[in-house]
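Peer 1: Sharing a sequence plus its predicted fold:
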Amino acid sequence: MNKRVRVRFAPSPTGGLHLGGVRTVLYNYLFAKANGGDFVLRIEDTDQTRFVEGAEQYILDCLAWCGLEPDESTVKGGPYAPYRQSERKELYREYAEKLIASGHAYYAFDTPADLEEMRSKHRVDEHSTVQYDRTTRMHMRNSLTLSGDAVLELLNNGTPYVVRIKMPENETIVFSDMIRGDISFDSNLVDDKVLLKADGMPTYHLAVVVDDYLMKITHAFRGEEWLPSAPVHLLLWDFLGWKEDMPQWAHLPLILKPDGNGKLSKRDGDRLGFPVFAMNWYDPAKNETTTGFREIGFLPQAFTNMLAMLGWNDGTGKEVMSMEELIKAFSIERVHKGGAKFDFEKAKWFNNQYIQQTDNETLAKLALPYVAAQGGHPSPELFLKVIGLIKERCTLLPDFWAQGHFFFETPEIKELPAIQDKWNEAKRSFFESWLSGLELLSVWTDVAIEQHFNDYIAQHGLKKGDAMLPLRIMLVGGKYGPGVFHIADLIGKEETIKRIQTALAQL
RNA sequence: GGCGCGUUGGUCAAUCGGUUAAGACGCCUCCCUUUCACGGAGGAAUGACGGGUUCGACUCCCGUACGUGCUACCA
């Protein structure tokens, strides 16, 4: 019997949504869609000290922007609601107690000071860490060392406690990862992880197992940082008697910083000048905003396509793929084992590719806010024409202003020196006479303007090359942009004449 | 320190025992373009190291090095 495929993305609402997080969502989503399954969003807000107001809504917004909408979530609901772990709090205790009853877990009454003392007392050297495990548990205050009556009394008088898993001794825990193959751990080296905290909330370890079981998750994809705690989760599935229903695991490689080594962090983005979060993230505690890919002008399709290729490819060499193509081609087994360094240049290349294949009407809608923010308010007709003319030189949405501002405002002539260097009376007299000719030109098209220009150049015994660059700088302000006569055509006769006159006055 | 995971050009990477070791980004040169960009044609640049196994290893095995993750009542 084939179970319906169900996957989940389970973030903590603690801050901005990182590149790696989005990629995890993406791989989950692609896998779910490829297999006709469900994609669930579950909010893991079990750490009340790290909870950040607004973070959950932000995650929802990011997924919406990326086009990775969950089938079940805190806002959408679903058959396994609630999808927020804080609202499922009471449910986990039952399983913790079940584990205690079967001897796989125990109560521990140690205070933070007790733990600190234990760690410093048993420490061999400064590099080693002392774990709460088979070697130390019998020296602590817990239901393994205390008598049944003593435990009962502590429980009854409200002494704070946690529930810890009792790791078995001398067992090799093996599981098969869909990306990495067989991985094994020595149970002696894994510590007695806390399952239920003193505040009654479960830790990640208990919550993820219970909820994946209850929500009938069939495949669990998560970051590689979870690999070391996988044996705890495996054992929990076993101890709770759910082994048959355990999802298949896949631990995704990390996204690394471009220079040096290590996991890509928000700080690296700030340092190297690129975003790390999907969308702008406002941190209420620090009262600061971190820039997102959306805001610097990425198209969501380019963003997700780029992320898909960071650690996976279909083997054909094809890189630009729509969501539909990705769904069709994706296979979790082809995800790489090794981490990938993030390359912002490549990311921008993807965006440029998407800008080229997006129609002008859509681009106009996307780019308008960036142009308007700079004071550009072109008519829809002009804007559409300009976009068609300059899109190939635009990588990020704000480039539509940088590459086309001279269509929407009279530009400052920044490169006047470039004209001045070779300026002479012959050129001046050409421009002055061409200007008066221009006033009379009745057909205002790029072809007509250029022909007219050519005629005057010939009459003045100049070479066309002598006047092309000056004309460009007069109209554009710098040495860039589409063909000059095309520009003159679009900005109109009056504006063209005005710009040439202004420039002449400065020479 | 312990444990896990990883390692093909600067970066993303194909290869699944036999190839001149693809392709893309970036970089360089040339062409196109009387600007810039696009486009086109080229170029430089890669299997961490040491042992095996094999007729033959980038590919399989072992070791070393390096990197990285975890080692919390955080996820």
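Peer 2: That came through, no problem.
Peer 1: Domains in chain A, by residue range?
Peer 2: By the record's domain assignment, chain A is partitioned as A:1-73+A:253-357, A:89-196, A:360-506 (automatic domain parsing).
Peer 1: quick check, the host helix or strand of residue A:346 touching RNA strand B?
Peer 2: Taking DSSP states H and E as the criterion, residue A:346 maps to helix A:344-357. Yes: Helix A:344-357 lies within reach of RNA strand B by C-beta under 7 Å from any atom of the strand, at A:345, A:346, A:349. Placement of C-beta: from N, CA and C, glycine included.
Peer 1: Which strands or helices does that helix pack on?
Peer 2: helix A:300-308 (3 or more C-beta pairs under 8 Å, 6 or more residues apart in numbering; DSSP states H and E).
Peer 1: between the helix it packs on and helix A:344-357, how big is the angle?
Peer 2: With axes from the mean of the first three to the mean of the last three C-alpha atoms, to 10 degrees defining the directions, helix A:300-308 sits at 140 degrees from helix A:344-357.
Peer 1: helices or strands next to helix A:300-308 in the packing?
Peer 2: Using 3+ C-beta pairs under 8 Å, 6+ apart, helix A:300-308 sits against helix A:19-34, helix A:55-66, helix A:323-329, helix A:344-357.
Peer 1: For the stretch 301-450 of chain A, which segments count as helices?
Peer 2: Per DSSP state H, counting those that start in this stretch, the stretch 301-450 of chain A carries helices over the ranges A:323-329, A:344-357, A:360-372, A:380-390, A:399-402, A:405-408, A:416-420, A:425-440, A:446-459.
Peer 1: Including mean neighbour count and mean pLDDT, could these go into a markdown table?
Peer 2: Listed next are the helices of the stretch 301-450 of chain A as a markdown table, based on neighbours: other C-beta atoms under 10 Å; pLDDT from 0 to 100:
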| stretch | mean neighbour count | mean pLDDT |
| --- | --- | --- |
| helix A:323-329 | 16 | 97 |
| helix A:344-357 | 17 | 98 |
| helix A:360-372 | 17 | 98 |
| helix A:380-390 | 18 | 97 |
| helix A:399-402 | 20 | 98 |
| helix A:405-408 | 22 | 98 |
| helix A:416-420 | 15 | 92 |
| helix A:425-440 | 14 | 95 |
| helix A:446-459 | 15 | 96 |
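Peer 1: quick one: which of those is nearest residue A:113?
Peer 2: helix A:344-357 (46.8 Å; C-beta to C-beta).
Peer 1: now that closest one, how far from the chain's geometric center?
Peer 2: 15 Å (C-alpha atoms, centre = their mean, to the nearest Å).
Peer 1: same deal with stretch A:30-47?
Peer 2: 17 Å.
Peer 1: could I have it exported to PDB, CA atoms only?
Peer 2: What follows is stretch A:30-47, C-alpha atoms only, in PDB (Å, rounded to 0.1, in the frame of the first residue of the first chain):
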ATOM      1  CA  LEU A  30       9.000  20.200  -5.600                       C
ATOM      2  CA  PHE A  31       9.000  16.700  -4.100                       C
ATOM      3  CA  ALA A  32       5.400  17.000  -2.900                       C
ATOM      4  CA  LYS A  33       4.100  18.300  -6.200                       C
ATOM      5  CA  ALA A  34       6.100  15.800  -8.200                       C
ATOM      6  CA  ASN A  35       4.400  13.000  -6.200                       C
ATOM      7  CA  GLY A  36       1.000  14.500  -6.000                       C
ATOM      8  CA  GLY A  37       1.400  14.900  -2.300                       C
ATOM      9  CA  ASP A  38       0.800  17.600   0.400                       C
ATOM     10  CA  PHE A  39       3.100  20.300   1.500                       C
ATOM     11  CA  VAL A  40       2.500  21.300   5.200                       C
ATOM     12  CA  LEU A  41       3.800  24.400   7.000                       C
ATOM     13  CA  ARG A  42       4.200  23.800  10.700                       C
ATOM     14  CA  ILE A  43       5.300  26.500  13.000                       C
ATOM     15  CA  GLU A  44       7.800  25.300  15.600                       C
ATOM     16  CA  ASP A  45       7.400  27.900  18.300                       C
ATOM     17  CA  THR A  46       8.300  25.800  21.300                       C
ATOM     18  CA  ASP A  47      11.000  28.200  22.500                       C
END
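Peer 1: Could you check that stretch and say which residues are buried?
Peer 2: The neighbour-count check on stretch A:30-47 (16 or more other C-beta atoms under 10 Å) flags A:30-35, A:37-47 as buried.
Peer 1: Contacting RNA strand B as well, which ones from the residues you listed?
Peer 2: Under the cut-off given by C-beta under 7 Å from any atom of the strand, RNA strand B has A:44, A:46, A:47 from the buried residues of stretch A:30-47 close to it.
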